[in-house]
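Asks: From the sequence below, what's the structure:
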Amino acid sequence: MSVLQVRLVVELLWPLFLFFILVGVRSTTKPIHKGQCHYPNKAMPSAGVLPWLQGIICNIDNPCLDHPTPGETPGQVNNFNNSIIAGMLIELQSVLADRSVLSKTQLLADDVDQWTSVLSKAEPGKGNLTVILRSILQDNETFSTHLTEGLSVPPDVVQSLMDAKIQLLSTTGIPRPDNVRSILCKGTDLDDYVQFSSQAQREAFQNVSCSLGEQQLIKTQQVLLQNVDVRKVLSEIPSAADLNPVDTEALMRKTSADALPLIENAVRLRNSMNFKATESLDFREDMFGSVNMLLCGKQPNYNFTKMTFGFPSPTQMANNMSTSSMGNSSVLGPTVIGISVKMAEFAYKWFPGQF
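Replies: Model (predicted):
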């Protein structure tokens, strides 16, 4: 038999093969007769990125509902306005619609520019922008207790650290948690952050710090930042930078007054129901379920024939595929045909009027 004859036979049998798959689907999956069927509308990209993505992800199974959907309401293109992300955007929009918030934001930006201008005029040779660590910690600080009791650091090393000078405006910024050990134990980077009274105190501090584990150093950095009093830091800036204390205090009061409404709005948003709902999402353990809760507002139902929204998890997809292949093997043969049946069943659900 020539190649052309084989090709002719394949081209004749291939459509029949697909037809037999549809016959098998129709014989194994009986149609469910309903009085009416409402399919969720799927927004076009012109309706917006979020409605378009929600229409694709949340309607992946194209469910048949026996009641009208919210998206059928005139002027409404979305069925998922009760989702977490929709609620967050609505609350954020209500905040941004407040003209006072925008005006305060502009004022705060102007204050930041003034602070930049003031600090740029500071004379590093005089104040050097350093303060004693003890002077910027809270009155009831727990940092020294954490060092002595939690890490068993010698009291003289703790005392030398508390009396050391801290760079307020270090150009390198706050070190990343994974970079703390390299700063403490390698080179002279430590001098960019802390200045001890003597080389002996510096070496004693480095010996103790380098003997600690990575997680202990990260925890110590977190405890230190938690015990820093921001008000004390701001009050130390004028003297450290050799600035006019009267002008600096007035600018500090203005900055605080402009920032307070924005902080209150940020706290209110964070404590709102929709923003708190994001804390229950776990994208590592249940990525598909978390995406469904975020975009669709409902947990996915992993029963394919009655699924309302979303994807099944990878494990459940594998179980469903295995079950369907075993159940259809007596009718359609090998596992590959069982997979084809699932694909045809999916097409049958999306285009019920074509078969």
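Asks: Now do stretch 27-36: distance to the chain's middle.
Replies: How far stretch 27-36 lies from its chain's middle: 42 Å, per Cα atoms, centre = their mean, to the nearest Å.
Asks: As CSV, could you dump the C-alpha coordinates of that stretch?
Replies: What follows is stretch 27-36 as a C-alpha-only set of coordinates in CSV (Å, rounded to 0.1, in the frame of the first residue of the first chain):
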residue,chain,number,x,y,z
SER,A,27,-24.2,7.4,25.3
THR,A,28,-22.3,7.5,28.6
THR,A,29,-23.4,11.1,29.7
LYS,A,30,-27.1,11.4,29.4
PRO,A,31,-28.4,15.0,28.8
ILE,A,32,-30.0,16.7,31.7
HIS,A,33,-33.3,18.3,30.7
LYS,A,34,-34.0,21.7,32.3
GLY,A,35,-36.9,24.1,31.8
GLN,A,36,-34.5,27.0,31.3
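Asks: buried ones in it?
Replies: Judged by neighbour count (16 or more other Cβ atoms under 10 Å), stretch 27-36 contains no buried residues. To be clear about C-beta, it is placed using only N, CA and C from the backbone, and glycine gets the same treatment.
Asks: and what of stretch 100-107?
Replies: 104-105, 107.
Asks: Quick check: helices, which of those are part of them?
Replies: Secondary structure from DSSP state H places 104-105, 107 of those in helices.
Asks: Would you format those residues as TSV with pLDDT and distance to Ser290 included?
Replies: TSV is the format used below for these (pLDDT from 0 to 100; distance: Cβ to Cβ, whole Å):
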residue	pLDDT	distance to Ser290
Lys104	86	34
Thr105	88	31
Leu107	89	38
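Asks: ok, the buried residues of stretch 100-107 vs Leu234, which is closest?
Replies: Nearest to Leu234 out of those is Leu107 (Cβ to Cβ; 17.7 Å).
Asks: thinking the closest one is in contact with Ala259, fair?
Replies: No - shown here, Leu107 and Ala259 do not form a contact pair, counting by Cβ atoms under 8 Å, at 9.1 Å.
Asks: just for the protein, where's the confidence low?
Replies: Applying pLDDT under 70 to the chain picks out residues 1, 34, 119, 121-129, 168-178, 187-188, 239-243, 299-355.
Asks: which strands and helices sit next to the strand or helix carrying Glu91?
Replies: Assigned by DSSP states H and E, Glu91 falls within helix 84-96. Packing partners of helix 84-96 (3 or more Cβ pairs under 8 Å, 6 or more residues apart in numbering; DSSP states H and E): helix 49-57, helix 245-270, helix 273-277, helix 287-295.
Asks: deepest of those, which one?
Replies: helix 287-295 (a mean of 19; mean count of other Cβ atoms under 10 Å).
Asks: relative orientation of that one and helix 49-57 in degrees?
Replies: 140 degrees (axes from the mean of the first three to the mean of the last three Cα atoms, to 10 degrees).
Asks: Check the burial of Asp139 by counting its neighbours.
Replies: Other residues lying near Asp139 total 6 when counted by other Cβ atoms under 10 Å.
Asks: what's the closest non-adjacent residue to it?
Replies: Asp229 (7.8 Å; Cβ to Cβ, 6 or more residues apart in numbering).
Asks: was I right about that neighbour contacting Ile136?
Replies: Yes - assessed by Cβ under 8 Å, Asp229 is found in contact with Ile136 at 6.1 Å.
Asks: When those two are compared, which one has more neighbours?
Replies: Ile136 (20 against 15).
Asks: ok, the more buried one to Val95 distance?
Replies: 32 Å (Cβ to Cβ, to the nearest Å).
Asks: now do Asn59
Replies: Remark: distance between Asn59 and Val95 (Cβ to Cβ) = 30 Å.
Asks: Of these two, which one has the most company?
Replies: Asn59 (23 against 14).
Asks: Just say helix, strand or coil for the more buried one.
Replies: coil (DSSP: H, G, I helix; E, B strand; the rest coil).
Asks: Can you give the domain ranges for this protein?
Replies: According to automatic domain parsing, the chain comprises the domains 1-30+313-355, 35-81+299-308, 84-121+250-295, 122-242.
Asks: Spit out the contact partners of Val153.
Replies: Shown in contact with Val153 (Cβ atoms under 8 Å, 6 or more residues apart in numbering): 147, 208.
Asks: Tell me where this protein has strands.
Replies: Secondary structure of the chain by DSSP state E: the strands cover 130-132, 165-167, 194-195.
Asks: winner for burial among these?
Replies: It is strand 165-167: most buried of these by mean count of other Cβ under 10 Å, with a mean of 19.
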